[in-house]
Each structure stands twice: as C-alpha cells, then as structure tokens.
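J.: model the following, please.
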Amino acid sequence: MMADHADGFLYPAIDKESCIDCGACAKVCPTFDRHEETSANYAYAYQNNNELVLRCSSSGGLFSALATDTIKNGGVVFGARFDANWQVAIDYTETIDGISDFRGSKYVQAKIGNSYNVVKSFLDSGRRVLFSGTPCQVVGLKSFLNKDYNLLLTIDVICHGVPSPMVWQKYLEEQKEPVRVVRFRDKASGWKRYGTTIGEQSGPYWENTYMKAFLGNIDLRLSCSTCMFKAGKSGSDMTIGDFWGIDKIKPEIDNDRGLCCVIFNSKKGEGVCSHLGLMGPFSIDLVRQHNPSYNSPSAHNINRSYFFDRLQSDSFSRSYEKTLSSSVLRRIERKLFRALKK
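T.: Below you'll find the predicted structure:
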C-alpha cells in the first residue's frame with residue numbers, strides 16, 4: 001500500500017496486520033537490485049518537422065513522433081498529463097489527438113495510480129504500448145511486469161528530480177485568478193531561455209518562485225538526491241531530453257526552437273527511430289557535460305527539512321522566502337564560525 005507523508009509524497013507502507021513476512025515486496029523492489037549503466041557511447045539529435053508539435057513540446061518533439069507511430073500501428077501511449085485540478089498523473093491515450101495532453105514538461109511527481117496494471121492488461125491482450133516516464137517510473141513498471149514484452153517500448157526522460165504535489169498545490173492556491181493554463185517550459189522566447197507560464201503569471205523561468213524552488217532542489221523527493229537509475233539504469237529502451245550544448249559543436253542545427261537528444265539503451269529503441277531522420281551521432285560525453293542530470297542525482301538541499309516544516313502551517317511563498325532568509329543566516333553563521341576558529 002501507499003501512504004501519504006508530511007512532505008506530500010506517497011511512500012510504500014506495510015500493513016503490519018496483513019503482512020505474512022513472505023518477502024515479496026523486497027523481491028520486487030528495484031532499490032534492492034544492482035542496475036547496469038547503459039553501454040551507449042553516442043547520442044543523436046532530433047527536431048520534429050511539425051511546427052505546432054515542436055512549439056508545444058519542451059524539447060524537439062521526439063515523444064510525439066513515437067507516440068503517433070504507436071497509435072497508427074494500433075497501440076496505446078502512456079505518459080504524464082494534468083488532471084482537472086492541475087495535478088499530474090500517468091494516463092493513456094488511444095488517439096493521436098490525445099497525445100497533446102502528454103506534451104510539455106510536468107514538474108510535479110506524477111501519480112502512478114493503476115497505470116501499471118492497465119499497461120499489463122493491454123500487453124497481455126496483444127496491444128503495442130509506449131510508456132514514457134521518469135527513470136524510477138520505468139524501472140517500477142519493469143519490476144511490476146517481471147518479464148520482457150516485445151510489444152512494450154519504454155522511454156525515460158533525463159530527470160532533474162520530482163517536486164512534491166503538495167508544494168505544487170500550495171503554489172496553485174496562492175494564484176489570484178483561476179489557473180487555466182500551465183506551461184512550465186514556454187518556448188515563445190526561445191528554447192534555451194524558456195519562460196514559465198502559470199495562470200496569469202508569465203516570464204523567465206528564473207523569476208518564477210515555483211521554478212526556483214524546483215531548480216534549487218528544495219522541494220524534491222528525498223530519494224532524488226540518491227537516484228540509482230541515471231544513465232540508462234532504469235532498463236528503458238531509450239533516454240530522451242534536452243540536447244544542451246549542441247550549439248557548441250553543431251551550431252547550424254540549433255535554431256533555438258528545441259532539440260531532443262536521444263540515447264539508445266536497446267536495439268528495440270534504435271529500431272523504432274530508424275525512419276525519423278535523426279542527426280548525429282555525437283559523443284555521449286556532450287550530454288554528460290551539458291546535461292548533468294543525465295548522469296548524476298540532484299544535490300541534496302540542506303534546507304529541505306526546514307522548508308517542509310514551515311510548509312505545514314504556512315503558504316508556499318512565505319515558506320520559501322523564510323527558507324531563503326534562513327539559508328542566508330546559516331551561511332553567515334558558518335563564515336563567522338570559520339573566522340573565529342582562525
């Protein structure tokens with residue numbers, strides 16, 4: 001079973017009254033296994049040639065291309081979408097029009113719900129399935145299925161970490177007007193200097209308090225700082241993300257409208273992309289250098305506990321500002337302590 005925690009995340013919990021000490025939960029839990037890093041040495045670049053799809057995608061629109069192919073071949077596509085209350089959940093679509101709900105980054109942890117069971121049901125009935133998610137969601141699905149399916153294609157995204165749904169809800173509650181639009185990655189001003197639009201607030205991402213909290217790692221799930229599933233360790237067929245740094249070695253293909261990097265972790269992943277006109281190959285070291293989230297967990301923010309403690313009885317904005325003030329004071333205290341020791 002899953003239980004709510006004070007930080008707004010769901011965590012596995014054992015019902016001690018029902019537990020028979022069979023050890024099944026430990027056997028399926030991916031954190032008990034050793035996961036091998038991908039052997040891939042190269043990355044490829046991709047940009048969707050559909051202008052609308054590209055504009056609505058956070059990067060280069062590769063997911064949309066693969067999702068379209070999947071549905072045209074009678075398959076089903078799973079990904080993260082907003083619900084009616086702007087919370088994020090893993091859901092599926094069987095229509096090309098439905099793919100639009102899954103486009104764009106969702107900087108909130110998505111609820112898995114019953115989606116793994118639904119994936120299995122489709123696979124067992126002979127349907128193709130494309131599943132896209134964070135590395136931990138992909139490895140969770142693989143552990144749940146406990147067998148390989150030729151009809152399953154898994155994509156994980158280069159992940160900075162997942163913010164708390166409770167933090168996101170608190171932020172939404174502070175908005176003066178009902179929120180009718182959320183774009184964490186708005187490319188109206190370009191891909192590299194993207195903006196964030198949430199309700200009536202729109203501007204550079206570095207001016208948005210929710211984005212600052214996210215990028216500062218203050219509201220991430222605690223395990224994000226020790227993530228075991230980076231660099232293809234989730235067992236996904238491919239890893240996709242922003243191809244930051246491509247302008248350093250191939251500026252002629254960077255038009256600032258968004259480029260995906262794609263790293264193949266299996267022959268299956270490579271096969272489904274063979275007709276898409278990928279650019280490259282490029283050394284995977286370029287991805288490791290310019291998109292460190294591919295290879296390394298996010299650093300733990302030492303003020304995380306303080307932030308969540310304040311959040312229990314205060315608003316998001318005040319909790320965040322108080323945490324910033326506390327951080328400054330703590331730095332001053334540390335400098336003074338070091339000075340006194342000299």
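J.: what segments of the stretch 1-150 of the chain are strands?
T.: With strands called from DSSP state E, counting those that start in this stretch, the stretch 1-150 of the chain shows them at 2-4, 10-12, 42-46, 76-82, 88-93, 129-133.
J.: between the ones you listed, which one is closest to Ala188.
T.: Taking Cβ to Cβ, strand 76-82 is the member of the strands of the stretch 1-150 of the chain nearest to Ala188, at 19.5 Å. All C-beta spots, glycine's among them, are computed from the backbone N, C-alpha and C.
J.: ok now that closest one, how far from the chain's centre?
T.: For strand 76-82, the separation from the chain centroid amounts to 13 Å (computed by Cα atoms, centre = their mean, to the nearest Å).
J.: can you check stretch 115-133 too?
T.: Distance of stretch 115-133 from its chain centroid, counting by Cα atoms, centre = their mean, is 20 Å.
J.: for it, buried residues please.
T.: 115-116, 118-120, 122-123, 127-133 (16 or more other Cβ atoms under 10 Å).
J.: dump that stretch to PDB, keeping only the CA atoms.
T.: In PDB, the C-alpha atoms belonging to stretch 115-133 read as follows (Å, rounded to 0.1, in the frame of the first residue of the first chain):
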ATOM      1  CA  SER A 115      -1.500   2.500 -14.700                       C
ATOM      2  CA  TYR A 116       1.000  -0.400 -14.300                       C
ATOM      3  CA  ASN A 117      -2.000  -2.800 -14.200                       C
ATOM      4  CA  VAL A 118      -3.500  -1.100 -17.300                       C
ATOM      5  CA  VAL A 119      -0.200  -1.400 -19.200                       C
ATOM      6  CA  LYS A 120      -0.100  -5.100 -18.400                       C
ATOM      7  CA  SER A 121      -3.700  -5.600 -19.500                       C
ATOM      8  CA  PHE A 122      -3.000  -4.000 -22.900                       C
ATOM      9  CA  LEU A 123       0.200  -6.000 -23.400                       C
ATOM     10  CA  ASP A 124      -1.500  -9.300 -22.400                       C
ATOM     11  CA  SER A 125      -4.200  -8.600 -25.000                       C
ATOM     12  CA  GLY A 126      -1.600  -8.200 -27.800                       C
ATOM     13  CA  ARG A 127      -1.600  -4.400 -28.000                       C
ATOM     14  CA  ARG A 128       1.600  -2.300 -28.500                       C
ATOM     15  CA  VAL A 129       2.400   0.000 -25.600                       C
ATOM     16  CA  LEU A 130       4.600   3.000 -25.400                       C
ATOM     17  CA  PHE A 131       5.300   4.100 -21.800                       C
ATOM     18  CA  SER A 132       7.100   7.300 -21.100                       C
ATOM     19  CA  GLY A 133       8.100   8.500 -17.600                       C
END
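J.: what are the contacting residues of it?
T.: Contact partners of stretch 115-133, identified using Cβ atoms under 8 Å, 6 or more residues apart in numbering, comprise 63, 66-67, 70, 73-80, 89-92, 102, 110, 138, 140-141, 144-145, 149, 151-157.
J.: pick the one among the buried residues of stretch 115-133 closest to Val167.
T.: Using Cβ to Cβ, these come closest to Val167 at Gly133, 20.0 Å.
J.: now the helix or strand hosting Arg183: average pLDDT?
T.: Assigning secondary structure by DSSP states H and E places Arg183 in strand 182-186. For strand 182-186, mean pLDDT is 96.
J.: next secondary structure after that strand?
T.: Next element after strand 182-186 (DSSP H and E): strand 195-198.
J.: that older thread, TSV for the strands of the stretch 1-150 of the chain, including mean pLDDT?
T.: Shown next, in TSV, are these (pLDDT from 0 to 100):
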stretch	mean pLDDT
strand 2-4	74
strand 10-12	81
strand 42-46	97
strand 76-82	98
strand 88-93	98
strand 129-133	98
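J.: okay if I get the ones you listed as TSV plus distance to Ile249?
T.: Output for those, formatted as TSV (distance: least, Cβ to Cβ, whole Å):
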stretch	distance to Ile249
strand 2-4	44
strand 10-12	42
strand 42-46	11
strand 76-82	30
strand 88-93	34
strand 129-133	27
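J.: right, and those - which one's nearest Asn295?
T.: strand 42-46 (12.1 Å).
J.: just the buried positions in the closest one, please.
T.: Buried, per 16+ other Cβ under 10 Å, within strand 42-46: 43-46.
J.: again with stretch 78-87
T.: Residues 78-82, 86-87 are the ones in stretch 78-87 that count as buried (16+ other Cβ under 10 Å).
J.: now, the most widely separated pair of these?
T.: Phe78 and Trp86 (19.7 Å).
J.: hang on, the earlier thing: the strand holding Arg183 pairs with which strands?
T.: Using DSSP bridges, the strands paired with strand 182-186 are strand 195-198 (antiparallel).
J.: and the contacts of the very next helix or strand once past the strand it pairs with?
T.: Counting by DSSP H and E, the next helix or strand C-terminal to strand 195-198 is strand 201-204. For strand 201-204, contacts defined as Cβ under 8 Å, 6+ apart pick out 175, 186, 189, 193, 195-196, 208.
J.: for the chain, which segments count as helices?
T.: Counting by DSSP state H, one finds helices in the chain at the ranges 24-28, 51-56, 62-72, 115-124, 135-145, 165-173, 209-215, 246-249, 267-272, 284-290, 304-311, 316-341.
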